[in-house]
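**Q** kindly return the folded structure for what I paste below:
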Amino acid sequence: MSLVLIVEDNERNLKLVRDVLQVKGYTTLEAGTAEEGIKLAGERKPDLILMDIQLPGMNGIDALKVLRSDPATAKIPVVAVTASVMQQDRKLITEAGFDGYVGKPISIKEFLGAVQTALGKA
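**A** Below you'll find the predicted structure:
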């Protein structure tokens, strides 16, 4: 089963995403900051990264740039999971090169669809 790295600083959101994925049989890794997520991605090479945009320290968009610039993590699909749902935010996220987008509060069906699409199993 696929290994999914969740980069999320909000404990409730992290628990929801983790629980939904684990019930569906995914293995999860967790990071509370972008820096920690980048480190884990390099070490564990997850099949997918779910990245919050508003993180303490480095934000998700800057973290994506770091991941894409490293040959070891450049090909890992990264889906933005964010409360930034304004049209211009969504455009910025898409233009940054994320492989997908899930708005908060999370719709379980939409969320799982985005995960499956990013993993190429849609």
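**Q** check which helix or strand covers the residue nearest the centre of the chain.
**A** Geometric centre of the chain, nearest residue: residue 50, 1.2 Å, by CA atoms, centre = their mean. Using DSSP states H and E, the element containing residue 50 is strand 48-51.
**Q** which stretches of this protein aren't confidently modelled?
**A** 84-85, 121-122 (pLDDT under 70).
**Q** in it, which spans are strands?
**A** For the chain, applying DSSP state E gives strands covering 3-7, 27-31, 48-51, 78-82, 100-103.
**Q** could you pick out the longest helix of this structure?
**A** With secondary structure taken from DSSP state H, the chain has its longest helix at helix 11-23.
**Q** please save the CA atoms from that one in PDB.
**A** Extracted C-alpha coordinates of helix 11-23, given in PDB (Å, rounded to 0.1, in the frame of the first residue of the first chain):
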ATOM      1  CA  GLU A  11      -3.500  18.600  15.200                       C
ATOM      2  CA  ARG A  12      -7.200  18.200  14.400                       C
ATOM      3  CA  ASN A  13      -6.700  18.400  10.700                       C
ATOM      4  CA  LEU A  14      -3.700  16.000  10.900                       C
ATOM      5  CA  LYS A  15      -5.700  13.500  12.900                       C
ATOM      6  CA  LEU A  16      -8.600  13.600  10.400                       C
ATOM      7  CA  VAL A  17      -6.400  13.100   7.400                       C
ATOM      8  CA  ARG A  18      -4.300  10.400   9.000                       C
ATOM      9  CA  ASP A  19      -7.400   8.500  10.300                       C
ATOM     10  CA  VAL A  20      -9.200   8.700   6.900                       C
ATOM     11  CA  LEU A  21      -6.000   7.400   5.000                       C
ATOM     12  CA  GLN A  22      -5.300   4.700   7.500                       C
ATOM     13  CA  VAL A  23      -8.900   3.400   7.400                       C
END
